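K.L.:
Fold the following, please.
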Amino acid sequence: MIKDFLEKLIHHENLTCEEAYQVMRQVMKGEFKEAQVAAYLVALRCKGEAVDEILGSCQAIREHSIKISVTRTPLVDTCGTGGDGKGSFNISTVSAFVTAGAGITVAKHGNRAVSGQCGSADLCEALGINLELSTGDLEHCLNEIGLGFLYAPLLHPAMAHALPARKALGVRTIFNLLGPLNNPAGARRQLLGIYESALTEKMAAVLASSGSEHVLVVAGGDGLDEITLTAETKVTEMKNGNIQSYIITPEDFGFSRVSMRSLKGGDTAAGTYSCLAVLKGEKGPYRDVVLLNAGAAVYVSGLASSIREGIELAKKSIDSGAAYEKLQALVEFSSYRRESARRIEGGRAHA
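P.N.:
Below is the predicted model:
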C-alpha cells in the first residue's frame, strides 16, 4: 500500500484524508520499516503537507494516544511546534503558568528541546514537576489545581515507532506539526506557535475540522514560533469554524521592540532562573513577551474579549503572585507523588 501512496506524493498528488489516516495508522502500529517511514515523511515534506493529509494523520495519532479526562472548562493549551532554531527563552511554558494563574485551566502539552537547549519538558523537570505522573494524577492536576504538564512521549507511546526514521532524517517532518494538534486532554482552545508563517492557515483549518473552538495560530516575523517582540507577528484566528489572518505588532499593545538577543534563552539552569524571575515580577523583555503570549492565551479562553484585555489579566496573574502559586501547587503535588512512588518501590524491594 505505501508504495502506491509514495508514487502519488512523488508526482505531487495529495493524499485524501482517509489515505493519510491509513498510512499513519500503520506507522503507529509499527508495520513499516524505518526506510519506508523515512521515504513517506520526506515525500510529504517535499510536496508540502496538505490539510487533509495533516487531518488524517491527526486522526490516526489520536486513536493511539492516552486520553486525559478533564471536567474543568475552558481548557487551554499553549503548545507550539518548536524547531524554530532561534534558541529563545521558553515563552510558551512560562505563558502557560501565567495563564493558569489568571484562573484558566491549562493542559500544557510538550516535549524536550527541539532546537534550543531548554524545551518545555526540560524546564518543567528542572522546576520540580514530575514528567511521568499517572493518568489519574494528571487528571487530578488539571481538575483540582487547574494546571498540568502533558509529557508527549508518555501520552503518545505509538509515536516511538516513527522515532528512528525521524532521528535518521534530522529534518522537520509532518510530526513537527502533529504534536500541537493532538492535546491528550482534548483542549479546544489554543495558542499555537509555528515556525513557518505559510502554514498558519493550514493548521487553523485542521483544528477547525477537529472540533476546536477558538485558536490563534501565530508565527513571528523573526522566525519565532511565538508572538514576538522583535518584529510583527502573523496571526491566523479560528473561532467557531471561521478563519481570518492578520498582522499584529508589539506597539499595538504598548510594548517596545527588542533585539532577538534580548529574548535568547540558554541552558536549563538559565531557563529555570528566567522563568522564576518572570513569575516573581522581574521587569524586562522576558516579562513583556510572556505577557503578550499569555494575554493571547487568556483571550482564546474566553475570559477576555481581546488580547489587550488578556494582557491586563496576565499582569494581575504575575503581580498578585497567582502564577507563581499555581506553579508551586503543581510542583508540590508532583513531589508528593514522586516520594509516594519511591516509598512504594522501597517497600517492594524489602518485601
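
K.L.:
CA atoms for contacts and neighbours, from now on please.
P.N.:
Will do.

K.L.:
nearest residue to D122 other than its sequence neighbours?
P.N.:
Spatial nearest neighbour of D122, excluding adjacent residues (C-alpha to C-alpha, 6 or more residues apart in numbering): R112 at 5.5 Å.

K.L.:
Just the pLDDT at the one you found, thanks.
P.N.:
Per-residue confidence at R112 stands at 85 (pLDDT).

K.L.:
Now it: phi and psi?
P.N.:
In terms of degrees, to the nearest 10, the main-chain angles of R112 are phi -80, psi 170.

K.L.:
quick one: contacts for it?
P.N.:
With contact taken as C-alpha atoms under 8 Å, 6 or more residues apart in numbering, R112 is in contact with C118, G119, S120, A121, D122.

K.L.:
Pick out the most distant pair among those.
P.N.:
Taking every pair in those and measuring C-alpha to C-alpha, the maximum separation is 7.9 Å, between C118 and A121.

K.L.:
which of those two has more neighbours?
P.N.:
Neighbour totals were compared for C118 and A121, and C118 leads with 26 against 23 (other C-alpha atoms under 10 Å).

K.L.:
Against E132, how distant is the nearest residue to the more buried one once chain neighbours are set aside?
P.N.:
Residue nearest to C118 in three dimensions, not counting chain neighbours: T268, with 5.0 Å by C-alpha to C-alpha, 6+ apart. Shown here: T268 relative to E132, a distance of 19 Å by C-alpha to C-alpha, to the nearest Å.

K.L.:
Give me the more crowded residue out of the two.
P.N.:
Neighbours were counted for T268 and for E132 using other C-alpha under 10 Å; T268 has more, 22 against 18.

K.L.:
Specify which member of the contacts of R112 is nearest to T99.
P.N.:
Nearest to T99 among the contacts of R112: S120, at 15.3 Å, using C-alpha to C-alpha.

K.L.:
Retrieve the pLDDT associated with that closest one.
P.N.:
At S120, pLDDT is 90.

K.L.:
same question, N240
P.N.:
95.

K.L.:
Just list the residues touching it, thanks.
P.N.:
A208, S212, E213, H214.

K.L.:
What count of nearby residues applies to the closest residue to the second one other than its chain neighbours?
P.N.:
It stands for S212. Leaving aside its chain neighbours, S212 sits nearest to R188 (4.3 Å; criterion: C-alpha to C-alpha, 6+ apart). Neighbourhood size, R188 [other C-alpha under 10 Å]: 22.

K.L.:
for R188, phi and psi?
P.N.:
Backbone torsions for R188, taken as degrees, to the nearest 10, come to phi -100, psi 0.

K.L.:
any idea how far H109 is from it?
P.N.:
Taken as C-alpha to C-alpha, the span from R188 to H109 is 13 Å.

K.L.:
ditto for L15
P.N.:
Distance from L15 to H109, by C-alpha to C-alpha: 28 Å.

K.L.:
Please say which of these two ends up with more neighbours.
P.N.:
Set side by side, L15 and H109 show more neighbours around H109, with 28 against 22, by other C-alpha under 10 Å.
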